[in-house]
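Student: A predicted structure for the sequence below; I have some questions about it.
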Amino acid sequence: MKIPKLLTVSSLAFLTVACGGSSGSGAVLAANLDEQTSFKPNNLNTQIELLPLGEISEQELEGLLYMREEEKLAHDVYSALYTLWNMTILNNIAASESTHTEAIRVLLERYGIDDPVTDSTIGVFTNATLQNLYDLLFSIGSASKIDALLVGAEIEEIDLIDIQHYIDQVEGNDDIVMAYQNLMKGSRNHLRAFVKVLKRQGVEYTPVHLDQETYEAIINAATGAD
């Protein structure tokens, strides 16, 4: 089955078309812990403190605010779907996403920017686009275990495109680039994990947002190698 395209780069628009559910396996699906990438925000904080604190542009500020909630969205979708389907991969990657959104919070604090996450409740967002997207993703992922895995893979595609978009807008602030590069590595590993588990269930994932060449380069790379 194919999940509908949900989001364009930087969440400029998303489709409100729901996809029909497919019956998933009754078995609990698992992924190895090394198929996720998490890092300790305290370690990141130590690393960025060694870098100069520069001026932050409006585009960089916008990127940090957006990525703080986009990483929370990934965490919240996986957490909510784990509660529904009890798939280990969702729990593992949700834990990883928690470290990712915290890493962005570290940067917000460093630059004196108000945190848009004023309510840590799962499924609650300040950004209206992300709020609507969460509702849509959870609805689709609630249809079956396979749909939940497809939603996970697409979230990671979206993250990779959005993070690269914001990296391209950074104007010399190495601390922001460092954090984004860590997030990119995590999303590549997460995408590989979802695709691997889908394949075990007989589903060949087709990229929705990434071009085929980029997708294949990610999938064929060893976990953690990039």
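Tutor: All right, it came through fine.

Student: what about the helices in the protein?
Tutor: Applying DSSP state H to the chain gives helices spanning 41-49, 58-85, 88-110, 128-141, 145-167, 174-200, 212-220.

Student: The fourth one vs helix 145-167, what angle?
Tutor: Spelled out, it's helix 128-141. 160 degrees (axes from the mean of the first three to the mean of the last three CA atoms, to 10 degrees).

Student: which strands and helices sit next to helix 128-141?
Tutor: For helix 128-141, the elements it packs on are helix 58-85, helix 145-167, judged by 3 or more CB pairs under 8 Å, 6 or more residues apart in numbering; DSSP states H and E. Heads up, the C-betas are built off the backbone N, CA and C, glycines and all.

Student: How about the residue of the chain positioned farthest from its centre, nearest residue that isn't a chain neighbour?
Tutor: Outermost residue of the chain with respect to the C-alpha centroid, by CA atoms, centre = their mean, is residue 52; its distance is 27.6 Å. Sequence neighbours aside, residue 174 is the residue nearest to residue 52 in space, at 7.8 Å (criterion: CB to CB, 6 or more residues apart in numbering).

Student: go on, residue 104?
Tutor: Nearest non-adjacent residue to residue 104, counting by CB to CB, 6+ apart: residue 68, 4.3 Å away.

Student: Against residue 181, how distant is the nearest residue to residue 188 once chain neighbours are set aside?
Tutor: In this structure, residue 188 finds its nearest non-sequential neighbour in residue 218, 5.0 Å apart by CB to CB, 6+ apart. Going from residue 218 to residue 181 by CB to CB, to the nearest Å gives 15 Å.

Student: same deal with residue 114?
Tutor: Taken as CB to CB, the span from residue 114 to residue 181 is 25 Å.

Student: So which of these two has more stuff around it?
Tutor: Neighbours were counted for residue 114 and for residue 181 using other CB atoms under 10 Å; residue 181 has more, 12 against 8.

Student: Next, the contact list for that one, please.
Tutor: Residues in contact with residue 181 (CB atoms under 8 Å, 6 or more residues apart in numbering) are residue 167.

Student: Show the pLDDT at it.
Tutor: pLDDT for residue 181: 94.

Student: Tell me how far it lies from residue 100.
Tutor: Taking CB to CB, one finds residue 181 at 12 Å from residue 100.

Student: Residue 118 too?
Tutor: Taken as CB to CB, the span from residue 118 to residue 100 is 19 Å.

Student: what about those two, which has more around it?
Tutor: residue 100 (28 against 9).

Student: Leaving out chain neighbours, which residue sits closest to the more buried one?
Tutor: Spatial nearest neighbour of residue 100, chain neighbours left out: residue 71 (4.4 Å); criterion: CB to CB, 6+ apart.

Student: List the contacts of that neighbour.
Tutor: The contact partners of residue 71, taken as CB under 8 Å, 6+ apart, are 97, 100, 101, 104, 159, 183.

Student: quick one: contacts for the fifth one?
Tutor: For residue 159, the residues meeting the contact criterion (CB under 8 Å, 6+ apart) are 70, 71, 74, 183, 187.

Student: Surely residue 164 and residue 184 touch.
Tutor: Yes: at 7.0 Å, residue 164 and residue 184 qualify as touching, with contact defined as CB atoms under 8 Å.

Student: So for these two, which residue has more residues nearby?
Tutor: Shown here are residue 164 and residue 184; by other CB under 10 Å, residue 184 has more neighbours (17 against 14).
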